[in-house]
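Enquirer: heads up, no residue letters with this:
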Ligand code: HEC
């Protein structure tokens, strides 16, 4: 019967939409770390990501700050990474990994090319990204 089929099709579509919504929620749900209750007695308000940011800063200071400046504010050799151009929507985390591995041909700024950076592991770059994204957020760049 046509009526039954329509009902069933609608049910299936509904189930598919609900499933997609559940996946979307699951994918955007903050990870456990960022849900740590910061106001619990005896707990610091500093977000759990600070350890990674601190580690990232150490690598950044050693390998990137000479050009990108302390706190990624820029220098006469390279641009600030705390800048709207480098917000996540324009330069994804992958862009950071690519930049370190392959270098960057000058295209946004007049500083010349960025050479590939040796001695910085993928894990190091992940920490650097954590640090730079934290600085960006502190400046309202998200
Ligand atoms: C020798 C100087 C120098 C060093 C060292 C350096 N950079 Fe760069 N970097 C540059 C310059 C110059 C640019 C801008 C190129 C342009 O767009 O004109 C740049 C651009 C970038 C970009 C943007 C890439 C894109 O897709 O446009 C990222 C991300 C980046 N650098 C990350 C890093 C990180 C992380 C480190 C340290 C591991 C680092 N850089 C070390 C000079 C440097």
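Expert: On my side now, so go ahead. Just so you know, these numbers come straight off a predicted model, no measurement behind them.

Enquirer: Show me the contact partners of stretch 92-107.
Expert: With contact meaning C-beta atoms under 8 Å, 6 or more residues apart in numbering, stretch 92-107 is reached by 112-117, 120, 122, 125-126, 128-129, 132-133. Using the backbone N, CA and C atoms, a C-beta is placed for each residue, glycine as well.

Enquirer: of all the residues in the chain, which ones are close to the ligand?
Expert: Within the chain, the residues that sit near the ligand (C-beta under 6 Å from any ligand atom) are 63-64, 66-68, 77-79, 91, 95-96, 99-100, 104, 106-109, 111-112, 114-115, 117, 120, 128.

Enquirer: So which of the residues you listed are in helices?
Expert: Per DSSP state H, helices hold the following members of those: 63, 66, 67, 68, 95, 96, 99, 100, 128.

Enquirer: The last one and residue 64 touch, don't they?
Expert: Translated: residue 128. Yes. Here residue 128 reaches residue 64: they are 6.8 Å apart, a contact under C-beta atoms under 8 Å.

Enquirer: quick one: which of those two has more around it?
Expert: The residue with more neighbours, out of residue 128 and residue 64, is residue 128; 29 against 24, by other C-beta atoms under 10 Å.
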